[in-house]
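Asks: predicted model, plus sequence, below.
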Amino acid sequence: MSLPPLVEPAAELTRDEVNRYSRHLIIPDVGMAGQKRLKNAKVLCVGAGGLGSPALMYLAAAGVGTLGIIDFDVVDESNLQRQVIHRQSSLGQPKAESAAATVREINPLIDVVVHNTALDRDNIMEIFAQYDLILDGTDNFATRYMVNDAAVLLGKPYVWGSIYRFDGQAAVFWAEHGPCYRCLYPEPPPPGMVPSCAEGGVLGVLCASIGSIQVNEAIKLITGIGEPLVGRLMIYDALEMTYRSVKVRKDPECPLCGKNPTQTALLEDYEAFCGAVSDAAAEAAKDSTISVHELKAMQDRGDDIFLVDVREPNEYEIVSIPGATLIPKGEFLNGSALERLPQDKKIVLHCKSGVRSAEALAVVKNAGFSDAVHVGGGIVAWINQIDPSLPSY
């Protein structure tokens, strides 16, 4: 369905702006009025990573007058494969600052607002209130639900995108005119069910495909042209090169945007709502988590341990802790890994960060290996604290 323009047009365009945006101005559907609306628009991009990189650059190039960037992370080398807004010279810099520098180079005629902070329930309402539209480039469920809830409570539209390996999704959520994110996904997936990009990987160029779709939707909403992705989920398969659209209906029983909403404020704890790990994994890991320094001490003493890497084979091929045996987490979940575990050695499990190994630990303890432990922080902590010469990923 077509929607009215999100913002009123600015009073005028300067000569420099007319020159810069001339290819927009000669499109009848955009024209002078549409470009003035873009100039008057205030858009916040949540995240300056894979999706935020192309989104920020094209929002800036399009002439969005005020562009907000919120991110608390710093640029590292593994980002550069897909986060094209950053450069080799940006390594170690805050992502928000690095992104802002690139955006200002692309278009010095716009205002760039940097929020170099983590988005949380204490600041999200105040920050979102400053903008007309939110573009969500986050990569974790806790933040996605928080972004959705804040946008609904404030009456703001937001453009959502998601990427994983070769697959991407995009939609526009605006409770005033259609469904919200909770209508599509009422509950987060079980912990460990959906790997993050850090665990499963993502084709770098996929970020550009989905990020540019997000910007396209933002421009349509701001200017009031076309048929935005309200009430539709766009699904992209890069390997098959197919796009398909799925209708998403507003859930009348949605606790947030339904007929009789029961949630009228932000949740107290979005991490708890989404569950970083399952209850069983959290219970198993409670008194059975060791540090990488403790693991190194075990190895140096020659303790009789059986170190198991529960990541996937391609991850193991990139980097591994010396002495580790690869048994992917899936083999623990289906039970086939248990017959490979020695009865006379202490079982020590690790993964990339400690989430998957905690899930495997619950299975191992349930099978009777009561003294088994897992390594908090996983191989990331090992690289950072024990052997920085190893490659990171």
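Replies: Great, that's in hand.

Asks: quick one: list the elements packing against the longest helix anywhere in the chain.
Replies: Taking DSSP state H as the criterion, the chain has its longest helix at helix 204-223. Contact partners of helix 204-223 among helices and strands, from 3 or more C-beta pairs under 8 Å, 6 or more residues apart in numbering; DSSP states H and E: helix 31-40, helix 52-62, strand 133-136, strand 158-164, strand 167-173, strand 232-237. Every residue, glycine included, has its C-beta placed from N, CA and C.

Asks: can you give me the angle it makes with helix 31-40?
Replies: 110 degrees (axes from the mean of the first three to the mean of the last three C-alpha atoms, to 10 degrees).

Asks: is it true that residue 291 touches residue 376?
Replies: Yes. With contact defined as C-beta atoms under 8 Å, residue 291 reaches residue 376; the gap is 6.0 Å.

Asks: between the two, which one's more packed in?
Replies: residue 376 (18 against 15; other C-beta atoms under 10 Å).

Asks: quick check: closest non-adjacent residue to the more buried one.
Replies: On the basis of C-beta to C-beta, 6 or more residues apart in numbering, the spatially nearest residue to residue 376 that is not a chain neighbour turns out to be residue 289, at 4.5 Å.

Asks: my guess is that neighbour contacts residue 373, does it?
Replies: Yes. When contacts are counted by C-beta under 8 Å, residue 289 is listed as touching residue 373 (6.6 Å).

Asks: between the two, which one's more packed in?
Replies: More crowded of residue 289 and residue 373, by other C-beta under 10 Å: residue 373, with 25 against 17.

Asks: thinking again about what came up before, so which of the helices and strands packed on helix 204-223 gets nearest residue 279?
Replies: For residue 279, the closest of these is strand 158-164, at 25.1 Å, according to C-beta to C-beta.

Asks: quick check: neighbours of that closest one in the sheet, parallel or antiparallel?
Replies: Using DSSP bridges, strand 158-164 pairs in its sheet with strand 133-136 (parallel), strand 167-173 (antiparallel).

Asks: including mean neighbour count, could the ones you listed go into CSV?
Replies: Shown next, in CSV, are these (neighbours: other C-beta atoms under 10 Å):
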stretch, mean neighbour count
strand 133-136, 26
strand 167-173, 24
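
Asks: in JSON lines, list those strands along with mean pLDDT.
Replies: JSON lines is the format used below for these (pLDDT from 0 to 100):
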{"stretch": "strand 133-136", "mean pLDDT": "98"}
{"stretch": "strand 167-173", "mean pLDDT": "97"}
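
Asks: export those to CSV and tack on distance to residue 235?
Replies: Shown next, in CSV, are the strands paired with strand 158-164 (distance: least, C-beta to C-beta, whole Å):
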stretch, distance to residue 235
strand 133-136, 17
strand 167-173, 6
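
Asks: nearest to residue 54, of these?
Replies: Nearest to residue 54, of all the strands paired with strand 158-164, is strand 133-136, at 10.9 Å by C-beta to C-beta.

Asks: quick one: distance of that closest one to the chain centre.
Replies: Centre-to-centre, strand 133-136 and its host chain are 13 Å apart (C-alpha atoms, centre = their mean, to the nearest Å).

Asks: what's residue 351 in contact with, if anything?
Replies: 309-311, 329, 357, 360, 378-379 (C-beta atoms under 8 Å, 6 or more residues apart in numbering).

Asks: ignoring the adjacent residues along the chain, who's closest to it?
Replies: That would be residue 357: by C-beta to C-beta, 6+ apart, it lies 4.2 Å from residue 351.

Asks: would you confirm that that neighbour contacts residue 375?
Replies: Yes. Applying C-beta under 8 Å as the test, residue 357 and residue 375 come out as touching, 6.5 Å apart.

Asks: who's in contact with the residue lying farthest from the centre of the chain?
Replies: The centre of the chain is farthest from one residue, residue 344, which by C-alpha atoms, centre = their mean lies 42.0 Å away. Residue 344 is in contact with residue 304, counting by C-beta under 8 Å, 6+ apart.

Asks: mind picking out the helix or strand in this structure with the poorest mean pLDDT?
Replies: helix 197-200 (a mean of 71; mean pLDDT, DSSP states H and E).

Asks: just to revisit the earlier point, pull out the buried positions in the longest helix of the chain.
Replies: Neighbour counts over helix 204-223 (16 or more other C-beta atoms under 10 Å) mark 206-223 as buried.

Asks: same question for stretch 59-69.
Replies: Those would be 59-60, 62-69, for stretch 59-69 by 16+ other C-beta under 10 Å.

Asks: what's the first-to-last distance across that stretch?
Replies: 11 Å (C-alpha to C-alpha, to the nearest Å).

Asks: count the residues that sit near the residue nearest to residue 4 when sequence neighbours are not counted.
Replies: In this structure, residue 4 finds its nearest non-sequential neighbour in residue 224, 5.3 Å apart by C-beta to C-beta, 6+ apart. Each residue near residue 224 was counted by other C-beta under 10 Å, and the total is 17.

Asks: out of the contacts of residue 351, which sit inside helices?
Replies: Short answer: those in helices (DSSP H) are 329, 357, 360, 378-379.
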